[in-house]
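Sequence plus the predicted model coming up.
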Amino acid sequence: MKKMRLLALSTSYPLRTGSSAGVFVQSLYRRLSEGCAIDVVCPADSKPVKATFDDGAAPGIRIHAVRYAPRAWRRLAQESGGVVTGLRRSPWHALLLPGLLFGLFWRCLLCAGDADLIHANWSVCGAMAGIIGRLRRKPVITTLRGSDVARATRSWLDRMILGLAVRNSRIVICVSEAMAERLQAQFPHRRADIHACLNGADEAFFEIDRAVSGGTGLRVLAVGNLIRLKGFDVLIEAVARARHRERMHVCIVGDGPEREPLLAQAASRGVSSCFTFVGTVPATDMPKRTAEADVFVLSSRSEGRPNVVVEALAGGVPVISTDLEGVQGMVRNGDTGWLVAVDDADALAAALDQAVTDRVELQRRGERARAFARIQIGTWVDTARCYEALFQTALTAGGRQHSSCAE
């Protein structure tokens, strides 16, 4: 049978070594590309790049970088946090949105002729791909990744975009089972077409050989865009309130518009020495960062199914997390980590204090975290298998059949 040709549409995709935007999308496609031919349509960044080029690490992937503005202005989509964080960092970039969306739409429309199936990431791409799929008579699958679904609860525009994506996609994939169940209730007529495919972790995290540090200090790792949604202000406050704060050191990986206010908060609360802000680091460095941590903290106010938690668990690092829908089931209080209420700095401080003082329990929860990840999460290979099965379902429903990406 003929090899499947997949056209992928994404507002975030790493274009060079060290890029951080959309690395989980890249991880999926690199696994799928072992048997599929994949064309990725995504925004160009502010550095020189060819309009179309091959992914050197995955010969089966060809990248189409859309130039939507003068090069110096192309900072809306390809920096850490993607479009939404880019708009928070520089609100005037909203003027570039029409050009970005039209450029993605037009390039995807041109590339769709040779594709067997279109895969869209996030609801805005799903809405555009749905129109292209109708025009080109191609089946569309949309993956919703959490932030788009969360915004739809607060914004009529995002609700409309989400509705278009769901209605015009043959299959909708969610990155958590809780999200899939919520969408099935919201769109009962599409219930059978909404599925969950859980993101895996890179094999490198499972290979980490780690143990709790032998000293009395607690090495804390936190990763995310420095925006209010991620709740780093709560983490700083929690460390300030902790009884054993002098024994804690927090490494924060990520960048964003809240960097200076967070630094000022740490200084005003007298805990600057407890924090190191290292900025954005390449995805390839994260296994090493994880290996050097005793505990991982997610202080977010909202999440889909955070990949950073998946990676921490796979690395055998217990997680202290806010009690969010996308985290429940992965972080189990008293087993693989600690769950605390959103915005509850006192509860987060208490969890950190317990992690400092009870090293045996910290080690036990880390071992349970890795055991859970091996059985319940798996690697990107497992994620790719889930996608391959749904791709075949979409093609079969349209009266066409091709070899799976794994064949």
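Cool, the structure landed. What you see is a predicted model, and the numbers here were worked out from it, not measured in a lab.

Enumerate every residue touching the residue nearest to residue 343 when sequence neighbours are not counted.
Leaving aside its sequence neighbours, residue 343 sits nearest to residue 234 (Cβ to Cβ, 6 or more residues apart in numbering; 5.8 Å). Placement of C-beta: from N, CA and C, glycine included. Going by Cβ atoms under 8 Å, 6 or more residues apart in numbering, residue 234 touches 299, 343, 344, 345, 348.

and the third one, how many residues sit next to it?
It stands for residue 344. Counted by other Cβ atoms under 10 Å, the residues lying close to residue 344 total 16.

Select only the buried ones of the contacts of residue 234 in PyMOL?
With 16 or more other Cβ atoms under 10 Å as the criterion, this PyMOL line picks the buried residues out of those:
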select buried, resi 299+344+345+348
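
Please flag which of the contacts of residue 234 sit within helices.
Counting by DSSP state H, those place 345, 348 in helices.

Helix or strand next in line after the strand or helix carrying the residue nearest to residue 343, which one?
Applying DSSP states H and E as the criterion places residue 234 in helix 232-241. Counting by DSSP H and E, the next helix or strand C-terminal to helix 232-241 is strand 248-253.

Partner strands of that next one and their direction?
Here strand 248-253 is paired, per DSSP bridges, with strand 218-223 (parallel), strand 275-279 (parallel).

follow-up on the earlier one: going by distance to residue 187, which of the contacts of residue 234 wins?
residue 343 (30.6 Å; Cβ to Cβ).

shouldn't that closest one be in contact with residue 231?
Yes. Counting by Cβ atoms under 8 Å, residue 231 is a contact partner of residue 343 at 7.2 Å.

Any regions of the stretch 201-350 of the chain where pLDDT drops low?
211-214 (pLDDT under 70).

All the strands of it, residue numbers only.
Assigned by DSSP state E, counting those that start in this stretch, the strands in the stretch 201-350 of the chain fall at 218-223, 248-253, 275-279, 295-298, 319-322, 337-340.

Next: the stretch 1-150 of the chain.
5-9, 37-43, 52-54, 61-66, 117-121, 140-144.

Where do the domain boundaries of this structure fall?
5-200+379-397, 203-377 (automatic domain parsing).

just to revisit the earlier point, alpha carbons of the helix holding residue 234, as PDB, please.
Provided in PDB are the C-alpha atoms of helix 232-241 (Å, rounded to 0.1, in the frame of the first residue of the first chain):
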ATOM      1  CA  PHE A 232       5.600  31.500  39.800                       C
ATOM      2  CA  ASP A 233       4.500  34.300  42.000                       C
ATOM      3  CA  VAL A 234       2.800  31.700  44.300                       C
ATOM      4  CA  LEU A 235       6.000  29.600  44.300                       C
ATOM      5  CA  ILE A 236       8.100  32.600  45.400                       C
ATOM      6  CA  GLU A 237       5.600  33.400  48.100                       C
ATOM      7  CA  ALA A 238       5.600  29.700  49.200                       C
ATOM      8  CA  VAL A 239       9.400  29.600  49.600                       C
ATOM      9  CA  ALA A 240       9.200  32.900  51.600                       C
ATOM     10  CA  ARG A 241       6.700  31.300  54.000                       C
END
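
list the buried ones in that helix?
Going by neighbour count (16+ other Cβ under 10 Å), the buried part of helix 232-241 is 232, 233, 234, 235, 236, 237, 238, 239, 240, 241.

of the residues you listed, closest to residue 278?
residue 232 (13.2 Å).

What lies in contact with stretch 159-170?
120, 123-127, 129-131, 133-134, 139-142, 144, 148-149, 152-153, 172, 183, 187, 190, 193-194, 394, 397-398.

The same query, at a cut-off of 7 Å, please.
By Cβ atoms under 7 Å, 6 or more residues apart in numbering, the list of residues contacting stretch 159-170 from outside reads 123-124, 126-127, 130-131, 133-134, 139-142, 148-149, 152, 172, 187, 190, 193, 394, 397.

OK, contacts around the residue sitting nearest the centre point of the chain?
With distances taken as Cα atoms, centre = their mean, the chain has residue 307 as the residue nearest its mean C-alpha position (5.2 Å). By Cβ under 7 Å, 6+ apart, the contact set of residue 307 is 24, 199.
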